[in-house]
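1. Make a model of this:
(one chain, ligands or ions: 1)
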Amino acid sequence: MSSASGSKHKIVVTRNLGPDVMPILQDRDDVDLVLWPEDRACDRDWLLQNATGAIALVIMVSDKVNAELLNAAGPSLRAVSTMSVGYEHVDVKELAKRGVALGYTPDVLTEAVADICIMLALIAGRNVKETSTLVTEGKWPNFSWSPFLFCGSQLSAPNPSVNRTAGFIGFGRIAKATLSRLVPFGFTHCVYAANPNSTKPPSSSAAADSSLAQQFGLRSVEKVDLGLVAERSDVVFVLAPGGPETYHVVDEAFLRKMKKTAVLVNAARGTLVDSDALAKVLREGGIWAAGLDVVEGEPKVSADHPLVKEPRCFILPHIGSATNETRVDMASLAARNALAAALGQPLPCALPLGG
Ligand SMILES: O=CC(=O)O
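-> Alright, predicted model coming up:
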């Protein structure tokens with residue numbers, strides 16, 4: 001498969017990565033680029049047919065990577081490169097078993113996703129869905145200003161004597177970038193549950209937490225049980241990887257432990273939050289509101305979905321990293337991961353597959 005032997009490296013790409021990025025793969029004599037030609041998610045059959053003999057696949061979150069696809073690609077495959085930080089759509093055990101690397105795109109999207117976490121916390125807390133809808137529907141004239149009309153739950157501490165606690169499920173790069181944005185809002189404490197249900201040894205210590213507290217200028221940063229994240233937080237950010245280990249980690253029991261004034265934000269994967277439980281608890285006023293960038297079963301979330309119907313549940317169609325700047329960086333990293341694999345070089349960013 002090397003260009004030295006005269007043949008080209010076949011790289012299959014399931015979406016056009018745009019004019020800034022495609023030249024990384026297009027402008028090379030040693031690459032046989034096979035690109036899904038349409039501006040929509042790649043057809044499974046096309047991918048299965050075209051993967052054969054590929055040395056690398058550049059895929060999106062909408063492309064499932066499993067034994068079927070890896071069998072179709074065959075033994076030439078060195079890497080799958082996903083244009084995402086999440087890898088719930090990839091069977092990592094199958095990759096590890098076959099010695100196929102997984103390229104992914106952390107870091108470059110951290111700031112964009114942290115931005116949207118704050119945006120969701122504000123929008124959900126301040127009743128933006130209900131109130132902006134009545135404006136667009138021409139109903140504002142029916143409401144004259146009154147002292148407590150449309151009041152929401154305030155993200156920022158209303159004065160310096162009030163404590164605010166941020167809670168995180170998953171405490172990686174995006175969580176820390178979100179926490180740093182909350183400091184100017186007057187947040188004083190942080191509690192987190194890292195990799196809930198994980199069997200891996202904890203990667204943090206009380207000393208590390210205290211140094212983080214110092215770094216952020218908070219009174220405390222504390223690793224706690226999931227239940228305490230629910231109980232203590234004014235806003236809970238779900239930012240852990242998807243997959244069986246974290247499935248429905250936010251269930252009815254978790255939601256019932258949250259403060260009635262608290263807001264839930266999910267910018268990770270829909271599968272971490274039990275949608276039916278969330279709709280029920282919102283309906284009954286168990287928590288104040290929810291801001292979701294991801295929902296179980298997406299994109300099949302129709303207007304009659306129980307969460308869509310909840311006035312205090314604000315939903316975005318998975319756009320956490322969707323800024324022009326960030327998507328170009330993600331696409332570029334995905335292309336460079338695939339190219340490096342094809343050239344037999346270390347991937348700029350590979351997920352450790354542990355065996
Ligand atoms: O959700 C988006 C990603 O995983 O990059």
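
2. Tell me the residues on the stretch 1-150 of the chain that lie near the ligand, please.
-> Val61, Ser84, Val85, Gly86, Leu109 (CB under 6 Å from any ligand atom). (C-beta placed from N, C-alpha, C; glycine too.)

3. Now tabulate the residues you listed in CSV and tack on secondary structure.
-> Output for those, formatted as CSV (DSSP: H, G, I helix; E, B strand; the rest coil):
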residue, secondary structure
Val61, coil
Ser84, coil
Val85, coil
Gly86, coil
Leu109, coil
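
4. Now do the SS call for the residue nearest the centre of the chain.
-> In the chain, the residue lying closest to the centroid (CA atoms, centre = their mean) is Ala268, at 3.3 Å. Of the three states, Ala268 takes coil under three-state DSSP.

5. That one touches Leu239, doesn't it?
-> Yes. The pair Ala268 and Leu239 passes the contact test of CB atoms under 8 Å, sitting 5.1 Å apart.

6. and for these two, which residues touch both?
-> Common contacts of Ala268 and Leu239 (CB atoms under 8 Å, 6 or more residues apart in numbering): Ile169, Gly170.

7. nearest spatial neighbour of His318, skipping sequence neighbours?
-> Sequence neighbours aside, Val294 is the residue nearest to His318 in space, at 5.4 Å (criterion: CB to CB, 6 or more residues apart in numbering).

8. Just to check, that neighbour is in contact with Val265?
-> No. Taking CB under 8 Å as the definition, Val294 is not a contact partner of Val265, at 10.4 Å.

9. Between those two, which is the more surrounded one?
-> Neighbours per residue (other CB atoms under 10 Å) separate Val294 from Val265, with Val265 holding more: 29 against 23.

10. what comes up buried for the helix or strand bottoming out on mean pLDDT in the chain?
-> Ranked by mean pLDDT, DSSP states H and E, the helix or strand of the chain with the weakest confidence is helix 206-216, at a mean of 93. Residues of helix 206-216 classed as buried: Asp209, Leu212, Ala213, Phe216 (neighbour count, 16 or more other CB atoms under 10 Å).

11. Excluding chain neighbours, what is closest to the second one?
-> The one in question is Leu212. Val221 (4.5 Å).

12. tell me the contacts of the one you found?
-> Contacts of Val221 by CB under 8 Å, 6+ apart are His189, Cys190, Val191, Tyr192, Asp209, Ser210, Leu212, Ala213.

13. hang on, it in a strand?
-> Yes. Secondary structure of Val221 (three-state DSSP): part of a strand.

14. Tell me the bridge partners for it.
-> Taking DSSP bridges as the rule, Val221 bridges to Cys190.

15. which one's the longest helix in the chain?
-> helix 324-342 (DSSP state H).

16. Just give me how far that helix sits from the chain centre.
-> 18 Å (CA atoms, centre = their mean, to the nearest Å).

17. which other helices and strands contact it?
-> strand 9-13, helix 22-26, strand 56-59, strand 79-82, strand 101-103, helix 110-125 (3 or more CB pairs under 8 Å, 6 or more residues apart in numbering; DSSP states H and E).

18. tell me what the shortest one is packed against?
-> For strand 101-103, the contact count by 3+ CB pairs under 8 Å, 6+ apart identifies strand 79-82, helix 92-98, helix 324-342 as packing neighbours.

19. ok so, going back, would you convert the helices and strands packed on helix 324-342 into CSV that also reports mean pLDDT?
-> Output for the helices and strands packed on helix 324-342, formatted as CSV (pLDDT from 0 to 100):
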stretch, mean pLDDT
strand 9-13, 98
helix 22-26, 97
strand 56-59, 98
strand 79-82, 98
strand 101-103, 98
helix 110-125, 98
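
20. just these: most buried one?
-> strand 56-59 (a mean of 29; mean count of other CB atoms under 10 Å).

21. List the contacts of that strand.
-> With CB under 8 Å, 6+ apart, strand 56-59 has contacts from 9, 11-14, 17, 25, 47, 51, 65, 69, 73, 77-83, 89, 334-335, 337-339, 341-342.

22. now do 7 Å
-> Residues from elsewhere that reach strand 56-59 (CB atoms under 7 Å, 6 or more residues apart in numbering): 11-14, 51, 65, 73, 78-83, 334-335, 338, 341-342.

23. what does stretch 63-78 give?
-> Under CB under 7 Å, 6+ apart, the answer for stretch 63-78 is 1, 14, 42, 47-48, 51-57, 59, 80, 89-91, 94, 98, 100-101, 341.

24. Against the ligand, how distant is Gly63?
-> One thing to correct before we go on: residue 63 is Asp, not Gly. 13 Å (CB to the nearest ligand atom, to the nearest Å).

25. Quick check on that residue: phi, psi?
-> With angles defined as degrees, to the nearest 10, Asp63 sits at phi -100, psi 120.

26. what do you get for the one 4 residues further on?
-> Here is the backbone geometry of Ala67 (degrees, to the nearest 10): phi -60, psi -40.

27. ok, it - how many residues close by?
-> Residues near Ala67, counting by other CB under 10 Å: 12.

28. Next up, the contacts around the residue of the stretch 201-350 of the chain found nearest the ligand.
-> Nearest residue of the stretch 201-350 of the chain to the ligand: Ser321, at 5.2 Å (CB to the nearest ligand atom). Going by CB under 7 Å, 6+ apart, Ser321 touches Leu109, Ala112, Val113, Arg327, Met330.

29. Equivalent analysis for Tyr87, please.
-> Applying CB under 7 Å, 6+ apart, the residues contacting Tyr87 are Leu102, Tyr104, Leu351.
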